[in-house]
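Participant: Predicted model and sequence follow; I will ask about them next.
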Amino acid sequence: MGNRATIVLDKSEVDEIEEETGFTPSQIARLYNRFTALDKSGSGSLSRADFLRIPELAINPLGDRIVHSFFKGCPDDQVNFRQFIKVLSIFRPARRNHDPVKNTWQNKLKFAFQMYDLDEDNKVSVDEILTVLQMMVGVNIPDDQARLINLTGISTPSFSQDRNV
């Protein structure tokens, strides 16, 4: 409505998205409607600010990390609908024989790993785990207690010699 950019998905594009993500055409339509509702500028893309207007992300202690995952590989800091729905497909339940490549347990684990890999060096250090733990519990426990939980809750064999996972 008004000055909104109207981008309509055609059947071939819906078919491609269905193949890539495993979402049904009706799910794709609902997600497209949600995407366009979030696109306040009507540009056909979402900014970080658009994501942070989602109440569940705004209050989630890992909200910034989740939002960051949508922007990996987006140099212009904008996410189009195809990028948006591909990231969302990671959250779909994995089914053994019918899921596309994107929705594998390996990709789900990689996504979870990236939530902890704060410096994006493909390693998770004890300090990164502590930082994420502190994000999740906030000010509910003191830093020294969080460090103790972190150090006692992680078994030494999980770490390499340089204290990285």
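Facilitator: That came through fine.
Participant: for the longest helix seen in the chain, packing partners?
Facilitator: When the chain is parsed with DSSP state H, its longest helix is helix 25-38. In terms of contacts (3 or more C-beta pairs under 8 Å, 6 or more residues apart in numbering; DSSP states H and E), helix 25-38 is packed against helix 11-21, helix 81-89. For the C-beta atoms, the positions are set from N, CA and C on the backbone; glycine is no exception.
Participant: okay if I get those as TSV plus distance to Val137?
Facilitator: TSV is the format used below for the helices and strands packed on helix 25-38 (distance: least, C-beta to C-beta, whole Å):
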stretch	distance to Val137
helix 11-21	33
helix 81-89	26
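Participant: Just tell me which of those helices ends up closest to Ser47.
Facilitator: Ser47 lies closest to helix 81-89 among those, at 11.8 Å (C-beta to C-beta).
Participant: which regions of this structure sit below the pLDDT cut-off?
Facilitator: Residue ranges of the chain with pLDDT under 70: 1-7, 95-103, 139-140, 143, 146-147, 149-165.
Participant: let's go with 90 and repeat that
Facilitator: Scanning the chain for pLDDT under 90 picks out 1-10, 19-22, 40-42, 52-53, 57-65, 68-69, 72-77, 86, 89-116, 124-165.
Participant: sorry, back to before: hey, which of the helices and strands packed on helix 25-38 is tucked in deepest?
Facilitator: helix 81-89 (a mean of 18; mean count of other C-beta atoms under 10 Å).
Participant: CA atoms only for it, dumped as PDB, please.
Facilitator: Presented in PDB, the C-alpha positions along helix 81-89 are these (Å, rounded to 0.1, in the frame of the first residue of the first chain):
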ATOM      1  CA  PHE A  81      13.400 -12.500   0.700                       C
ATOM      2  CA  ARG A  82      15.400 -15.400  -0.700                       C
ATOM      3  CA  GLN A  83      18.200 -14.900   1.900                       C
ATOM      4  CA  PHE A  84      15.600 -14.400   4.600                       C
ATOM      5  CA  ILE A  85      13.700 -17.700   3.900                       C
ATOM      6  CA  LYS A  86      16.900 -19.700   3.400                       C
ATOM      7  CA  VAL A  87      18.100 -18.800   7.000                       C
ATOM      8  CA  LEU A  88      14.600 -19.500   8.400                       C
ATOM      9  CA  SER A  89      14.700 -23.000   6.800                       C
END
